[in-house]
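[1] take a look and give me a structure for this.
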Amino acid sequence: MTQTRKLAAILAADVVGYSRLASADEDRTLTRLRALRGDLIDPAIEANRGRMVKQTGDGILVEFRSVVDAVRCATEVQNGMIERNSGLPPERRIEFRIGIHLGDVVEESDGDLMGDGVNIAARLEGIAKPGTIYLSEQAYWHVKARLDLAINDLGKQSLKNIAEPVRVYSLEVGKPAQAKPTKQPKQRSTFVALAMAIVALVLIAAGFWLAMRPARDPEMSAKIPRLSIVVLPFANLSGDPAQDYLADAITEELTTGLSRISGTFVIAGSTAFTYKGKPVDVKQVGKDLGVRYVLQGSEQRSGNQVRVHAQLIDAETGAHLWADQFDADRADLLQMQDEIVTRLARALEIKLAAVDAARVQRTRPGNLDAEDLAMRCEVGIYDSVPGSKESTAALDFCDRALQIDNSNVFALTGMTFRYITPVIFAQSRDPRGDIRQADEFVSRALAIDPNSYWAHFAKAYVLMAQNRTQEAVAEGDRSLSLNPSFINAYFAICAANNFLGRPDRALDLADKAIRLSPRDPALRSLYHMKGWAFFMKQQDDQAIEWLRRAEGGDIFTELILAAALALTGQQADAHETLKRYLALNGITSTTIAQLRKQQLSIADNPTWVAYNERLFAGLRKAGMRED
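    A predicted model of the protein is given here:
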């Protein structure tokens, strides 16, 4: 029998008090368990890309590609059981205890798994309290920055037949995490900024390398996650062992920072630190840990200056893909850290999607799966103007993705925009129907992945269309908290504030977004938000300045610009601008009456009502027909 050794996230679960339940009513207990597997457990495993390894009468063992997927699955199951047990007496409740571990496993040719990775997960499940999820330290490292539930550090625990004690964390479903402090000690914040700046540059380099490097062995590529990496302990070059803490802190922050980025598989720090102070062969490290990339580096401190050197290495070939040196004054870096991280992470977000889409199209253009099509949709959305022919073509990829996999979150989000964008731009022939369709798509996306920042961004626009604008601001904020580099979230928050009659707030947010990403491909949308806000403030000269810079980025830009030009006596330019609007793709509001009917209505907001009447007055002067 052949065996394969690999790193895997293992979930073990069983029913608390199964023997008691079965002895009381075996047939009913078995029926209830079969129903739970059919409508809760199996769908959760499938949605989170798990593989059922084995199942017994009261337990299951599941393999996942990442700890994040394993924890999401476990959380969905435990939340589902809270709902299903509601109202039942204690003696009839079915409760699960779950253990999750990331470790080395041996896979047999029949798919069965063995080894300490499996044993530790099973032992964690055995000591878990009913309704909780117990994580090993190795698993906890991969999800600690993503958890919004209460976590208890249970310390090191001696597990049956496991040689070394294991540090264990208890995740209590249904209990929110305590709010985290907004300020960190100055020294720690500096480490975070330095680390995250390196993270972003590392991944940008990795993305470009994906497009440039020679083809790998297909079998190896299928097994190793695309963005899998280990951060080896950074070396302390100061000559003073007492300064090791600084190198260790940088290593930890890099590991944590990388694990926050969607799509990355990062080896836990506890494993990486076993290489500290030892000479390493990066090719062997890659084979042992099953990763594509190795990040090595060093730090040296002199007074208030910190110098960090980092290099990214291809673990298969040993080739150096990227190297850079960071010199920073700790005080200056602290002031700049948010902007550094956001700019680089935004660049990464856009570049990696484009690079990987190109790679897929080049290597297997005739065999695109749902993820490939959703990725093509994402790239098309970044590269096109909302409502344009190019945008429509990009959204067609999302439609095709859902025909293959109707649970693809990004494709569901893309289809949300297909229906809600015409409503927001006052170009929908059936606003109520389109809002209903958009709400259905985004609700499905958020049910599958409540932490999708794209879906929360889309939900903000759906709420605006439903005249729930204050809630839309909260959704935009939620999107931004999930991904601080997601500049698109500022579009939704700016728009919502304009709808609420708060143009000064919209201006502040737009300026912040422009500062964070001054060369963003979507800058024209931010310029539009500024022009729109200035028009609401009746500062038409400034509105015209920003709207001219925004032209080509938004259907509604031409309308507001035409009105502003007409109201400032620039009749000829206003007429030409209106003609450009009427020639755009997908225009259905060609008269004042049609626009009044399709424009979002916020009747209880006098600022919004006054803005609309002023817009219509300007468009009449520009030459738009009344009906």
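[2] list the buried ones in stretch 30-43?
    Buried residues in stretch 30-43, counting neighbours by 16 or more other CB atoms under 10 Å, are found at R32, L33, L36, L40, I41, P43. Bear in mind the C-beta positions are built from the backbone N, C-alpha and C, glycine included.
[3] name the helix or strand for the first one, please.
    Take DSSP states H and E as the rule and R32 turns out to sit in helix 18-36.
[4] tell me the first helix or strand C-terminal of that helix.
    helix 42-47.
[5] chain center to that next one: distance?
    Mean-position distance between helix 42-47 and its chain equals 20 Å (CA atoms, centre = their mean, to the nearest Å).
[6] what's that helix in contact with?
    With CB atoms under 8 Å, 6 or more residues apart in numbering as the test, helix 42-47 has contacts from R51, M52, V62, C73, E76, V77, G80, S407, I448.
[7] using PyMOL, define a selection of the buried residues within these.
    Command for PyMOL that selects the buried part of the contacts of helix 42-47, burial taken from 16+ other CB under 10 Å:
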select buried, resi 62+73+76+77+80+407+448
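[8] hmm, back to that, now the buried residues of stretch 30-43 in a markdown table, with distance to D430?
    Shown next, in a markdown table, are these (distance: CB to CB, whole Å):
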| residue | distance to D430 |
| --- | --- |
| R32 | 44 |
| L33 | 45 |
| L36 | 40 |
| L40 | 36 |
| I41 | 39 |
| P43 | 32 |
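[9] okay, the residues you listed in CSV with pLDDT and distance to L237 next?
    Shown next, in CSV, are these (pLDDT from 0 to 100; distance: CB to CB, whole Å):
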residue, pLDDT, distance to L237
R32, 83, 62
L33, 86, 58
L36, 86, 56
L40, 86, 53
I41, 91, 51
P43, 85, 52
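[10] where along the stretch 301-450 of the chain do the strands fall?
    Under the criterion DSSP state E, counting those that start in this stretch, the stretch 301-450 of the chain carries strands at the ranges 305-314, 320-329.
[11] with just CA atoms, put stretch 157-164 into CSV.
    Output in CSV follows, covering the C-alpha atoms of stretch 157-164 (Å, rounded to 0.1, in the frame of the first residue of the first chain):
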residue,chain,number,x,y,z
GLN,A,157,-2.5,20.1,28.0
SER,A,158,-1.3,16.5,28.2
LEU,A,159,-3.1,14.4,25.7
LYS,A,160,-3.4,10.7,25.8
ASN,A,161,-0.6,8.9,23.9
ILE,A,162,0.9,12.2,22.7
ALA,A,163,4.5,12.6,23.8
GLU,A,164,4.7,16.4,24.3
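[12] buried ones in that stretch?
    Neighbour counts over stretch 157-164 (16+ other CB under 10 Å) mark L159 as buried.
[13] what average pLDDT does it get?
    Averaging pLDDT along stretch 157-164 gives 86.
[14] which residue ranges form the strands in this protein?
    Assigned by DSSP state E, the strands in the chain fall at 3-15, 51-55, 59-64, 96-108, 113-114, 132-136, 149-157, 166-176, 227-231, 235-236, 264-266, 293-302, 305-314, 320-329.
[15] weakest of these by average pLDDT?
    strand 320-329 has the lowest average pLDDT among the strands of the chain, namely a mean of 61.
[16] tell me, how many residues neighbour A272?
    24 (other CB atoms under 10 Å).
[17] residues in contact with the residue nearest to it when sequence neighbours are not counted?
    Using CB to CB, 6 or more residues apart in numbering and skipping residues adjacent in sequence, the residue nearest A272 is V230, 5.3 Å away. Residues near V230 by CB under 8 Å, 6+ apart: V266, I267, T271, A272, V285, L289, V291, Y293, V294, L295.
[18] please repeat the previous calculation with a cut-off of 6 Å.
    I267, A272, L289, V291, V294 (CB atoms under 6 Å, 6 or more residues apart in numbering).
[19] ok, those vs R502, which is closest?
    I267 (46.1 Å; CB to CB).
[20] among the contacts of V230, who's most crowded?
    That'd be I267 among the contacts of V230, by other CB under 10 Å, with 26 neighbours.
[21] skip the chain neighbours and tell me the closest residue to it.
    V230 (3.9 Å).
[22] show me what the one you found is bridged to.
    When bridges are called by DSSP bridges, V230 pairs up with V294.
[23] now it: how far from M464?
    Going from V230 to M464 by CB to CB, to the nearest Å gives 44 Å.
[24] ok, K6 next?
    Here the criterion is CB to CB. By it, K6 lies 47 Å from M464.
[25] which one's more surrounded, these two?
    M464 (27 against 16).
[26] can you report how many residues neighbour P518?
    P518, neighbours per other CB under 10 Å, totals 10.
[27] right, I mislabeled it, should have said F397
    Neighbours of F397 (other CB under 10 Å): 23.
[28] kindly report the same for the one 4 residues further on.
    Using other CB under 10 Å, the number of residues around A401 comes to 26.
[29] again with I229
    So I229, with other CB under 10 Å, has 28 neighbours.
[30] now do the same contact list for the closest residue to it other than its chain neighbours.
    Spatially, and ignoring its direct neighbours in sequence, I229 is nearest to Y293 (4.2 Å; CB to CB, 6+ apart). Counting by CB under 6 Å, 6+ apart, Y293 touches I229, L312, A315.
[31] all helices of the stretch 401-550 of the chain, in order?
    Remark: helices assigned in the stretch 401-550 of the chain by DSSP state H, counting those that start in this stretch are 409-424, 431-448, 453-465, 469-482, 488-499, 503-516, 523-536, 540-550.
[32] and of these, who's closest to R97?
    Counting by CB to CB, and looking across all of the helices of the stretch 401-550 of the chain, nearest comes helix 431-448 at 24.9 Å.
[33] domain ranges for the protein?
    With domains defined by automatic domain parsing, the chain comprises 3-176, 186-362, 400-622.
[34] can you flag the weakest of those domains by average pLDDT?
    domain 186-362 (a mean of 64).
[35] circling back: how far away is the residue nearest to I229 from D69?
    Distance from Y293 to D69, by CB to CB: 20 Å.
[36] go on, V442?
    With distances taken as CB to CB, V442 is found 22 Å from D69.
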